[in-house]
Structure formats: structure tokens, C-alpha cells
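Asker: Here's a sequence, model it:
(chains A and B)
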2 protein chains.
Amino acid sequence: MTDSVPPALIAAVDESRQWSRLMGMAMLGAIPGEGVNRAALTPLDRQARRLLVAWAEELGLAVSVDEIGNLFLRHEGTEPGAAPVLAGSHMDSQPSGGRFDGIWGVLAALEAVQAIREAGLSTRRPIEVVAWTNEEGGRFAPGCMGSMAWAGYRPAGTWDDVTDAAGITFRAALDAHLEAEADILRRPLGPAGTPPFAYVEAHIEQGPRLEADLLDIGIVTAIQGSRWFVVDITGESSHAGTTPLFLRRDAVQDMVRAINALNALTHDPLDVLRFTVGRVEAHPNTSNSVAGRVRFSIDLRHPDAAVLREKGDAIESTIKDALCFCTAVVTETFHAMPTAFQPVVPDAVERAAAAVGARALRMPSGAFHDAQFLVPVCPSGMIFVPSRGGVSHHPSEYSSPEQLATGAKVLAATLFDLANREA
Amino acid sequence: MTDSVPPALIAAVDESRQWSRLMGMAMLGAIPGEGVNRAALTPLDRQARRLLVAWAEELGLAVSVDEIGNLFLRHEGTEPGAAPVLAGSHMDSQPSGGRFDGIWGVLAALEAVQAIREAGLSTRRPIEVVAWTNEEGGRFAPGCMGSMAWAGYRPAGTWDDVTDAAGITFRAALDAHLEAEADILRRPLGPAGTPPFAYVEAHIEQGPRLEADLLDIGIVTAIQGSRWFVVDITGESSHAGTTPLFLRRDAVQDMVRAINALNALTHDPLDVLRFTVGRVEAHPNTSNSVAGRVRFSIDLRHPDAAVLREKGDAIESTIKDALCFCTAVVTETFHAMPTAFQPVVPDAVERAAAAVGARALRMPSGAFHDAQFLVPVCPSGMIFVPSRGGVSHHPSEYSSPEQLATGAKVLAATLFDLANREA
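Answerer: Predicted coordinates:
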């Protein structure tokens, strides 16, 4: 390992270049209130990727894409056969998302590589900037499909039949996407025979802690576990004016009973367990018909695997016991166990933060990230920067140009360190 | 009044012609399970109207349309200046509706007029078959816009800004509709100086009573009152993994609190009060974001005006008291007080049923209908036929060809009676 960070490297990280790239990306899918709606595998997503590819090619990086659409920009090392260091995040957003979640991690990695090259430095190992496909899961659930498939956590064909709100399958959207990027070099899916030396993901915190404690950098040590479920309640649609309540099989009313019971199941006086019903769809969804079907989502998270298992496993029976007139089918669509990072990357981030003069704190992540699926493949870790008010998945999500530049400097120093190690 | 119904009139009502017209109409907007989705002011609605107009013109009826799209087919009387008898219903359906609700009332009126003419009979008064615009309110809420505007209950421009799920305004949809029917004679809106002599609406029961009691005909004496509300709950969208529950402003959770409180408010041990939440929309509606906004509908009905007023007036405060973290705006979009029909039409229907040999029962209507807005304008009434299992607003809605033919015979005899009265 290197003991020092070249001052020229830190000086080469360009705050205004990184910010203007972020603002350029934010125009692709801009929504009112400075938000972004850029769903995975859409024409807007492809526009954003083309813009990234243009910047990468200008810099001399080698561009390639794999069969699930993960996009790689490779900076060559002085020992080309050496295991590369991977750094990146994702480019898709929530439907009503912000300008920083995901995309900053990709642009920070590009900024770090550009700074290394412009400072006249080289690295022993290659560095690959990566943009993982569909991390958010906003259009096609679950999220993290690109990193899950790459790491072999699930086969790439697992989600072929998943549909978006318009009924388009993930398979059809991915085929159209790959067709539109047929001019980009295709690479095999996954680490193949050569696992990366490490993976580093820069990301906004999406929580209030760094801002509240006046800190610059979060050294992420672990990620809490997440389980997602889809609940389909089936009753019978009938006339709202003529059907007595005792004859109804009202899916909205049974959904309310189910959520009341789930609130009791997941009640946590410590407010660590996170239970969310974020998506609700009723059918036929007209004011004078009793709803015959309701679909709703459950997002359950906890840092302790035992709690997550116990509460998650009780969801189906809790719902079924709560229903009065309808039937329910409960499907688990995503299950990411709590993850702890090996010390390699967090330790490197800690030294880099010290070298840059950033105030840093070791902390867990409440959100899930592509990084957690890399853990079984190679030493991994994350770098957080503060989020104003802890807000994310919302147009008002904000981190300042200076905070993001500090993050990019720490990332550059971390990557330069890792990419010059022998083992 | 006439004391007898000519046997030739009853014989001229053609069961198979009426059924095949119904099945022809059901193909326009057919959905799986023998259902129909034919929303108001859509191309499918216009196709259905063109088919009706073709049948009317073949029969020699005069076709006209008013400024809100109500469609009239006029059979001339022997005293052309006499106040006409109106008969009809609506042609739009629920999004997941059946083949009979509404459309049968229009086709039965056409069948009745055709039977009068083919039996070689004439009437002193004109008979006008009418198809009212947007009774269901499934695309543009509330329902009964055509009859409300015609009767002067609300000005025709009241709903200009109402939007459908795609964001199209009622005004824009109506303009396009009138443009597409510009070749049809335009008539003034409303009864103008000459209120109709009477209005008769044939309709499926949409409840189980006639079938359960082995009856053929419901002589409708009254319609229960309805109030519709739209509730907009506003909280704040945030990240499902990182936002502690005590910091959330979760619109789905506050909707559940509101519905729990409304269930308590509207609890009726006699099961006469009808409270329905049929429509629910969450935003951004993604599984890993806390919902920042929810909109839901309330449909409240009762035959007693005092109960409807008291419970309806308590809805807004009940919701606001129930919310913990969000704010709510409650908008009343429809208010139809309970209505009783004058005896003129129900008495005529009763005699007609007796003449036809149909087993009939006087009964109130649980559903609202265009007929209730005609009550202040002219003597009005309705004829019900049985609904299998009491089901409607559902693809499995069903009345048999024979039941519908009996209904058309009773309607024909009723119209022949009313249209030959002097006063």
C-alpha cells in the first residue's frame, strides 16, 4: 500500500467540472422542483449513458457493456493482467427522485480516474468505472438487478417476466436497450476468472447523520438487510350503491385490515425496524365500485438478520389472519441479508479521508446499494457524503458542490491507493 | 289515459332483435369475462352512438345532440307540438363493467318505439329516446353530468376542468366528441320552454331482490341519496430504508388512519348506510419510497336525507382528526339528495306490468340514475329487471334475453300509455 496521497492528485479533482456534469445529467429526465425521473432501460437512461460514454471516450477510457446492461469504462493499469479496482454506482432514479442518488457515484469515479490521469499518475491495476443496471427497482422490481446478476447472486434471466406499469417485460426492455447499444463492445457477464481486487461505491448518505454531526465523509462499514414483498388481495368488485356491506368482498377494506395488523407486527419502540407500504393499486379503481383487487408493496429493513428473518417470515400469516372477506397471495420479490464490509476498503477510505483532511465517521447504511452484492466477490466498501436534511428519493435531495468534491477527492485517493497495491 | 294495451304492441317487441343489438353493443369495448369497458366521450363511445344512430335512422327517427353530448332519437307524435315523453338511459360503462348497465335502457326505449311503429300504432305525443352523457363517472367524475346539465341542476361548464387518469380535461374530450359528431343536428340544451310530459328509464336492478323474490319487474318509487368526496392527503416522500418512522410523513399510513376512523363514523348495524373507498392512488407509488401523497374516493349513500347530511358533513373533520403526520383536503364532488318519484310514472308502469302479465314489485333504487335529476323537471320513474346474483359494475353482470324482453314490453306499454294522454 501507498502511505501518501500525491497532492497533485487531490488538486486535479475539479469541483466545477464534476458539478456541471451532474447538472447536465440532471437535465435528462428533469421534473419540477429540481428532481429527476430517469427510469432504467428507457430512452432517457440511454441518453444519460451516451453522455457518460462521450466523456469517457474523450478521456481515452475503453467502454464495454455486459448482457444485463452494466456499463464499464476502463482505465488501463501498468500491469494490464492485474485484478482491476471497480468503482461506480447506478444511473437510474426513482420516479420522483433527485439529482444525486446513484449518478454521483458514477461521475465521482469518472472524476477520480480523470484526476489520476490529468495529474500524470499511473496505477498498477486497471480501474473500471461501472454503472449497474436498474438499482432503484422503480420501473422493474426489485432493484439491484445489474449487480445481482453480475455477482452471480441470481441468474441474469431471473427477471425476464417482470413487467413495468405499462406491461412491458424486463426482457423486452433489456433487448431493446442492448439493441440500441449494439455499437458498444460486449463483455462477458460477471467477474469471470478474475475477481476484482476491490469495489468502492461513492453515494449520498440519504440520511441526516453526517449533516447533523458536521461531518464530510461516512466510511460505510455495513448495510442493513431488506426484504420486499408484493401482496395481492382478491375480493370481488360490486356496486357501491346496491351491495350491502355484509355481502361485499372489498379488497380496499381488507388491505386496511392487513396494514393495521402489519403495523402491530412491526412496531418497534426503538424505531430501528423500517416497515413501508409505498405502492398501492386498486382495481377497477373507480369511486362507485367496490374494489375487487388490490396490490400493495411491503419494504422491510433491519440491520439484524435474525429480526429481519423473524418479522419477514411472519408477514404472510399476519396478512392472512387479518383478512375478513378476501384472499391474499404474498410474494417475496427481494431478500438482501444484512451485510458487513471487510476492513480492506473501509480502512483505505479512512486513510484517504485523513489525507484529504476530511472529517469522517464509520457508519452503517440504511439504504441498500449495489455494493452489498459485491461483498461475496471481492473486498467492498462505500463512501458517503452528507444529504441536506437527510432527504433522498425526492426532488429536493441535495448535496453541495463542495461536499461532492470532497467525496470525489477521498474516492480518488482511495482508488489510487487500492490500484497500486500488490495484494 | 288508455285503459288497455294493444296486444299487437306487446307482440311487436322482439326479444331476439333486442338481444342481438345488446350483444352488438357489447362488442364495442369488450373485455375478458364478457365485460365491457366503454368510457364516456371515447372513440368506442362514439362507435356505439353511431351504431345506435344507424338503427334510429333506419327506423325513421330524427337524431339530434345537445351541447353536452346528450343524444336524442325522436319519434314524432300526431300532435307535434305536444310535450314529449322521454325514455332512455346511458351508453357509457364502468372500466370493468357489464353488458347491460345503462345501454339496455337506451336499446329498450328504441325497441319500444320500434314496436309501436311496427304495430301500426301512433301516439299523440312525440317519444324521444335519450342517451345521457357520462352517467358512470368512471372516466370523468362525477357521474350523471349529461342529465344534471340538461335539467339545470348544474351549468354545463361546471366540469370543464375535471381530468381523466391521462390528464385530459372533460372540456377537451367533449369538444373533440362534438367535433366528431358535427354532422348530427344540434339542439338546445335542456327542456327549454316545453318540459317533457314524463321521463321513463329502464335499467337492470343492480341488486339481488327481484331475482330472490322470483319477480319480473321492479316499479321504482325512489332513489337513495349519494355523496361523493375526493380526499387528498399530503405528506412527504422519503427513503424507505433510511427515514425513521417518527420522522416520516407517510400518506399511506395516514390514509389507513383516516379509513379506520371513517369506518367507525359510518358503522351501521342495520347495514343501510353504504360507505365505499373504491379508488386509491399513491404517489410516487414505488415500493422503496414513503408515499408523499395519496388520493382516495369516498362514496356514501343512504335513503334518508337527514342521515346522509349528518354523516357526510362529518367526513372532513373525521379525516382531519385521524391524521397524524399529513394534511388533508376533502372535496365534495357530487351530492344527490334522496329522491321520490311522483305517482304518475310508477302507476303507469304498474298498469303496464299487469297488462303484460309480469310479476312486479314497488321498490327503491340503491344505485343513482339519471332519472333522479329529471324529477324537478317532469314526472319521472324507472323500470327494473332482475340482475343475476345482484351483480353489476362487473363483467359477470347478467339479465336473460327473456327478462329483458319482458322489461321492454312493460316499457313499450308504459310509453304508449303516457304518450297518448292529454295531460
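Asker: quick check: domain ranges of chain A?
Answerer: Using automatic domain parsing, the domain parsing of chain A gives A:7-224+A:338-419, A:225-336.
Asker: Export the ones you listed as a markdown table, with columns for mean pLDDT.
Answerer: Below are the domains of chain A laid out as a markdown table (pLDDT from 0 to 100):
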| stretch | mean pLDDT |
| --- | --- |
| domain A:7-224+A:338-419 | 96 |
| domain A:225-336 | 95 |
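Asker: I'd like to know which of the ones you listed is closest to B:Pro191.
Answerer: domain A:225-336 (26.7 Å; CB to CB). No exception for glycine: its C-beta is placed from N, CA and C like everyone else's.
Asker: ranges for the helices of the stretch 201-350 of chain A?
Answerer: A:209-212, A:251-265, A:305-313, A:315-322, A:344-356 (DSSP state H, counting those that start in this stretch).
Asker: Out of the ones you listed, which is closest to B:Ala166?
Answerer: Closest among the helices of the stretch 201-350 of chain A, once you apply CB to CB, is helix A:251-265, at 22.9 Å.
Asker: buried sites along that closest one?
Answerer: Going by neighbour count (16 or more other CB atoms under 10 Å in any protein chain shown), the buried part of helix A:251-265 is A:Ala251, A:Val252, A:Gln253, A:Asp254, A:Met255, A:Val256, A:Arg257, A:Ala258, A:Ile259, A:Ala261, A:Leu262, A:Leu265.
Asker: Run through the residues of the stretch 301-423 of chain A sitting next to chain B.
Answerer: Neighbours of chain B within the stretch 301-423 of chain A, by CB under 8 Å from any CB of the partner chain: A:Arg301, A:Ser365, A:Gly366, A:Ala367, A:Phe368, A:Gly390, A:Val391, A:Ser392, A:His393, A:His394.
Asker: what's near enough to touch the residue nearest to A:Thr158 when sequence neighbours are not counted?
Answerer: Counting by CB to CB, 6 or more residues apart in numbering or on different chains, the nearest residue to A:Thr158 once its immediate chain neighbours are dropped is A:Ala149, at 7.5 Å. Contacts for A:Ala149 (CB atoms under 8 Å, 6 or more residues apart in numbering or on different chains) come out as A:Ile68, A:Asn70, A:Pro155, A:Ala156, A:Thr158, A:Leu189, A:Gly190.
Asker: Write the ChimeraX selection for whichever of the residues you listed are buried.
Answerer: Buried residues among the contacts of A:Ala149 (16+ other CB under 10 Å), as a ChimeraX selection:
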select /A:68,70,156,189,190
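Asker: now, which of the contacts of A:Ala149 sits nearest chain B?
Answerer: Chain B has its nearest neighbour among these in A:Thr158, at 17.4 Å by CB to the nearest CB.
Asker: related to what we said a few turns ago, assign the residue nearest to A:Thr158 to helix, strand or coil.
Answerer: helix (DSSP: H, G, I helix; E, B strand; the rest coil).
Asker: ok so, going back, contacting chain B as well, which ones from the buried residues of helix A:251-265?
Answerer: Among the buried residues of helix A:251-265, chain B is touched by A:Val252, A:Gln253, A:Val256, A:Ile259 when using CB under 8 Å from any CB.
Asker: how close does the third one sit to A:Ile319?
Answerer: Separation of A:Val256 from A:Ile319 (CB to CB, to the nearest Å) stands at 12 Å.
Asker: Looking at the helices of the stretch 201-350 of chain A, which is nearest to B:Met145?
Answerer: helix A:251-265 (25.3 Å).
Asker: Next, the angle from the closest one to helix A:305-313.
Answerer: Relative orientation of helix A:251-265 and helix A:305-313, computed by axes from the mean of the first three to the mean of the last three CA atoms, to 10 degrees: 150 degrees.
Asker: ok, residues contacting helix A:251-265?
Answerer: The contact list for helix A:251-265 (CB under 8 Å, 6+ apart) reads A:231, A:233-235, A:275, A:277, A:280, A:282-283, A:290-294, A:296, A:298, A:311, A:314-315, A:318-319, A:321-326, A:328, B:252-253, B:256, B:259-260, B:263, B:277-278, B:280.
Asker: now the residues you listed: which count as buried?
Answerer: A:231, A:233-235, A:275, A:277, A:280, A:282-283, A:290-294, A:296, A:298, A:311, A:315, A:318-319, A:322-323, A:325-326, A:328, B:252-253, B:256, B:259, B:277-278, B:280.
Asker: Just the residues you listed: which are in strands?
Answerer: Cross-referencing the buried ones among the contacts of helix A:251-265 against strands under DSSP state E gives A:231, A:233-234, A:275, A:280, A:282-283, A:290, A:293-294, A:296, A:298, A:328, B:280.
Asker: what about the longest helix in chain A?
Answerer: helix A:401-419 (DSSP state H).
Asker: all helices of the stretch 51-200 of chain A, in order?
Answerer: Using DSSP H, counting those that start in this stretch, helices in the stretch 51-200 of chain A cover A:103-118, A:145-150, A:170-180.
Asker: Switch these over to TSV, and while doing so, append distance to A:Pro195 to every line.
Answerer: Below are the helices of the stretch 51-200 of chain A laid out as TSV (distance: least, CB to CB, whole Å):
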stretch	distance to A:Pro195
helix A:103-118	18
helix A:145-150	11
helix A:170-180	25
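Asker: ok, A:Arg359 - how many residues close by?
Answerer: Neighbourhood size, A:Arg359 [other CB atoms under 10 Å in any protein chain shown]: 13.
Asker: which residues touch it?
Answerer: Counting by CB under 8 Å, 6+ apart, A:Arg359 has contacts A:Leu214, A:Leu215, A:Asp216, A:Ile217, A:Ala353.
Asker: got it, and A:His239?
Answerer: Counting by CB under 8 Å, 6+ apart, A:His239 has contacts A:Asn288, A:Ser289, A:Val290, B:Gln206, B:Gly207, B:Gly366, B:Ala367, B:Val391, B:Ser392, B:His393.
Asker: Tell me how many other residues surround the spatially closest residue to A:Pro84 that is not a sequence neighbour.
Answerer: Closest residue in space to A:Pro84, ignoring its immediate chain neighbours: A:Pro126 at 4.0 Å, by CB to CB, 6+ apart. The local packing of A:Pro126 (other CB under 10 Å) involves 22 other residues.
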